[in-house]
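any chance you can model this:
(chains A and B)
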Amino acid sequence: MSEKKVRVRFAPSPTGALHIGGVRTALYNYLFAKQNGGDMILRIEDTDSNRFVPGAEKYIIESLEWLGIKFDEGVNYGGNYGPYRQSERREIYKKYVDQLLDSGKAYIAFDTPEELDAKRNEIQNFQYDASTRQGMRNSLTLSSEEVDDLIKNGHQYVVRMKIEPNEDVVVKDLIRGDVVINSSILDDKVLYKSADQLPTYHLANIVDDHLMEVTHVIRGEEWLPSAPLHVLLYRAFEWDSPEFAHLPLLLKPDGNGKLSKRDGDRLGFPVFPLEWKDPKTGDISSGYRESGYLPEAVINFLALLGWNPGNNQELLSMSELIHQFSLTNCSKSGAKFDYEKGKWFNHKYIQTTSNEELADMFEPVMAEHGVSAPKDTIVKVISMVKDRVSFVKDLWDQASFFFVAPTSYDEKTRKKRWKADSADMMTQLMSVISGVENFSSENTEAIVKAWIEENGYHLGNVMNAFRLALVGEGKGPHIFDITEILGKEETIRRLNNAILVMG
RNA sequence: GGUCCAUUCGUCUAUCGGUUAGGACGCCAGAUUUUCAUUCUGGAAAGAGGGGUUCGAUUCCCCUAUGGACUACCA
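As a prediction, this is how the structure comes out:
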């Protein structure tokens, strides 16, 4: 049998930076589409002109490209179902609003926001629905002449969905199973506003998903309560409803509630893929990219927040994710955002990144500290210290001594490692080292060890003092790997300085 | 307040009626290391509570509790 081609959409609203939860929604859509050989569409839902933020659309596109989430069509990608910006689809929506009006599935309402507010204050739990609409100013209570007059005289109006009460509406959800809601608890949602000639989310969403032949609507759980409305809308148009999947939310790591834009900088981690500067306030929010995350790590981390492959595999590439992903394996409950685990993922991905690539990423960091070195030296240094870090920028803490000689010596290490006879030993070591011809790690080590043995010195005593002189602290990779990079001259210079300073 | 959704170690989760309830992050301990890390090994750590159904419930049903979402002429 021939199944319809899978088509999914990611439909953000350009009201600011793309939240990490939104990224996950995009990712799950992408994984599902690719697994099924389907298409992924980018649609921009900008029907609320008041909340439009310039630059947001570009930010969304750039973020997802950085992460490797690719679209087949949509804003910026072309396609045969455009335009893909809802603000450019006015005439289309108008046509369908009229259709609903003509068929009696919707009606025109003139109640002003002030009147509605008054009603809500007056009546507890006021809801514009079958039980109250007869008492309001709308095309159901007014004569058609009155309605025409009001419109002619420039009165603003909205179009509301006429929801028939007392009917069980079933939302089939791929993650949650059947969700049943009685239509009586639904209100007559506004579908269209005459003021800006634009539909609200609900109408635009259904019309676009239908026209764009979307087969699966994968979105956040916050949409579950309005899903019955959407089902009713499909029914009103006599269209087939797509499949639904409502994803659990990403929650704050501490306390309660869903992860919000504010949490990031409050808790000290990014909630945005890329750094974002709010054009209105000028506030800057940190991004994963600028914080040194590898896109693969972010993807892996996010994929496992709310889904898992069912085995114990934790590290998955994008293609493995595409292969193994399944909506039915998505969890139903919200996931607290665990930043520590995110760091661990990045650590793992740093390890699998080549030294050459890391060197390219590290060079700008070095430049910031005012140092430079030949590429092959940087590559060697990185090979020695990469397993110690979670982020590229941390490489500096682990490797700065390769490029900058210590000017002071860590007090604690000094107390422990620099003994009364250290200066004397280091002086002897200097002359041993100046006699070394081949300064390779192995050769230097052999000669120094022979000297230690000859004199019956304690290996640890010599080496620890030596390390302190070279590094300035009690840390670092194998000591003769360090001297090889430093070179004979610099090694001697550092020994000399250590003796001078610590005596 | 109303409606809906959810509930396994601190966190992310596995289990699709019978398990010593598994893995990962984090934490603790030990081993390795001339240092610091990495790494390795081990450890502590969970079925919200109460009723059912069943020979047997973490698993199915109900109630309660708790958490979350929604409740706009926002998405």
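
what domains does the record give for chain A?
A:89-247, A:411-502 (automatic domain parsing).

and the first one, anywhere near RNA strand B?
In other words, domain A:89-247. Yes. Applying C-beta under 7 Å from any atom of the strand, one finds domain A:89-247 touching RNA strand B at A:111-113, A:116, A:125, A:127-128, A:156, A:158, A:176-177, A:179-182, A:185, A:187, A:190, A:193, A:195, A:198, A:200-202, A:221-226. Every C-beta, even on glycine, is put in place using the N, C-alpha and C of the backbone.

which of the residues you listed are buried, as a PyMOL select command?
Selection of the buried residues among those in PyMOL, burial being defined by 16 or more other C-beta atoms under 10 Å:
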select buried, chain A and resi 111+127+128+158+176+179+181+187+190+193+198+200+201+202+221+223+224+226
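
from the residues of domain A:89-247 next to RNA strand B, which land in helices?
A:113, A:116, A:201-202 (DSSP state H).

let me know the closest of those to A:F466.
A:Y201 (67.9 Å; C-beta to C-beta).

need the contact list for the closest one.
By C-beta atoms under 8 Å, 6 or more residues apart in numbering, the residues touching A:Y201 are A:45, A:47.

quick revisit: which member of the ones in helices among the residues of domain A:89-247 next to RNA strand B is positioned nearest RNA strand B?
When these are ranked by distance to RNA strand B (C-beta to the nearest atom of the strand), A:Y201 comes first, at 3.2 Å.

tell me how far that closest one lies from A:F480.
66 Å (C-beta to C-beta, to the nearest Å).

now A:W223
61 Å.

try A:K119
The value you get for A:K119 to A:F480, if C-beta to C-beta is used, is 83 Å.

compare those two (neighbour count), which wins?
For A:K119 versus A:F480, the count of surrounding residues by other C-beta atoms under 10 Å is larger for A:F480: 22 against 16.

confidence score at that one?
As predicted, A:F480 sits at a pLDDT of 96.

so it touches A:A446, yeah?
No. With contacts counted by C-beta atoms under 8 Å, A:F480 stays clear of A:A446, the gap being 9.1 Å.

quick check, A:Y107 in a helix?
No. Assigned with DSSP: H, G, I helix; E, B strand; the rest coil, A:Y107 falls outside any helix and is strand.

number of residues surrounding it?
Using other C-beta under 10 Å: A:Y107 sits among 21 other residues.

quick check: closest non-adjacent residue to it.
A:S139 (4.6 Å; C-beta to C-beta, 6 or more residues apart in numbering).

for A:S13, same thing?
A:E45 is the one closest to A:S13 (C-beta to C-beta, 6+ apart), at 4.7 Å.

gap between that neighbour and A:Y201?
Distance from A:E45 to A:Y201, by C-beta to C-beta: 7 Å.

just the helices from the stretch 151-300 of chain A, written as ranges.
A:201-211, A:227-237, A:263-267, A:295-303 (DSSP state H, counting those that start in this stretch).

nearest to A:I151, out of the ones you listed?
Of those, nearest to A:I151 by C-beta to C-beta is helix A:201-211, at 19.0 Å.

mean confidence (pLDDT) on the closest one, please.
97.

name the residues of that helix that are buried.
A:201-210.

the bottom helix or strand of chain A by mean pLDDT?
helix A:263-267 (a mean of 81; mean pLDDT, DSSP states H and E).

residues contacting A:R160?
A:106-109, A:128, A:133, A:138, A:188-191.

including pLDDT and distance to A:Y288, could these go into TSV?
As requested, these are exported to TSV (pLDDT from 0 to 100; distance: C-beta to C-beta, whole Å):
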residue	pLDDT	distance to A:Y288
A:A106	97	43
A:Y107	97	47
A:I108	97	47
A:A109	97	45
A:Y128	96	42
A:R133	94	48
A:N138	95	48
A:D188	97	42
A:K189	97	36
A:V190	96	37
A:L191	97	37
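
name the member of the residues you listed with the most neighbours.
A:A106 (28 neighbours).

give me the beta-bridge partners of it?
Here A:A106 sits in beta bridges with A:M161, going by DSSP bridges.

before we move on, what about A:Y192?
Assigned bridge partners for A:Y192, using DSSP bridges, are A:V159, A:P199.

quick one: pLDDT of the residue of the stretch 401-503 of chain A found nearest RNA strand B?
Nearest residue of the stretch 401-503 of chain A to RNA strand B: A:M463, at 2.1 Å (C-beta to the nearest atom of the strand). Predicted confidence (pLDDT) for A:M463: 95.

look up phi and psi at the closest residue in space to A:F110 that isn't next to it in sequence.
With sequence-adjacent residues excluded and distances taken as C-beta to C-beta, 6+ apart, A:F110 is closest to A:R137, at 4.5 Å. Backbone torsions for A:R137, taken as degrees, to the nearest 10, come to phi -90, psi 100.

pLDDT weak spots in chain A?
Across chain A, the ranges flagged by pLDDT under 70 are A:1-2, A:255.

now, which of the buried residues of helix A:201-211 sits nearest RNA strand B?
For the buried residues of helix A:201-211, the nearest to RNA strand B is A:Y201 (3.2 Å; C-beta to the nearest atom of the strand).

and the strands in the stretch 201-350 of chain A?
Here the stretch 201-350 of chain A has its strands, by DSSP state E, counting those that start in this stretch, at A:216-220, A:243-247, A:250-251, A:276-277, A:284-285, A:335-336.

want to try CSV for the ones you listed, with mean neighbour count as columns?
As requested, those are exported to CSV (neighbours: other C-beta atoms under 10 Å):
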stretch, mean neighbour count
strand A:216-220, 22
strand A:243-247, 21
strand A:250-251, 22
strand A:276-277, 18
strand A:284-285, 15
strand A:335-336, 16
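
make CSV from those strands and add distance to A:M502 to it.
Supplementary listing: these in CSV, determined by distance: least, C-beta to C-beta, whole Å:
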stretch, distance to A:M502
strand A:216-220, 60
strand A:243-247, 60
strand A:250-251, 52
strand A:276-277, 48
strand A:284-285, 44
strand A:335-336, 49
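
near RNA strand B, which residues of the stretch 251-400 of chain A? Just list them.
A:251, A:256-258, A:304-306, A:308, A:310, A:312, A:314, A:329, A:331-336, A:338, A:340-341, A:343-344, A:347, A:387-388.

in chain A, which residue is closest to the centre?
A:I20 (3.4 Å; C-alpha atoms, centre = their mean).

show me what counts as buried in stretch A:61-69.
For stretch A:61-69, using 16+ other C-beta under 10 Å, the buried residues are A:61-64, A:66-67, A:69.

follow-up on the earlier one: which parts of the helix or strand that contains the residue of the stretch 401-503 of chain A closest to RNA strand B are buried?
Assigned by DSSP states H and E, A:M463 belongs to helix A:459-471. Neighbour-count burial for helix A:459-471, counted by 16+ other C-beta under 10 Å, picks out A:461-471.

and whichever residue of the stretch 301-450 of chain A sits closest to RNA strand B, what does it touch?
Distances from the stretch 301-450 of chain A to RNA strand B, computed as C-beta to the nearest atom of the strand, single out A:S333 as the nearest residue at 2.7 Å. Applying C-beta under 8 Å, 6+ apart to A:S333 gives the contacts A:P248.

which one of the buried residues of stretch A:61-69 is nearest to A:P406?
A:W66 (37.6 Å).
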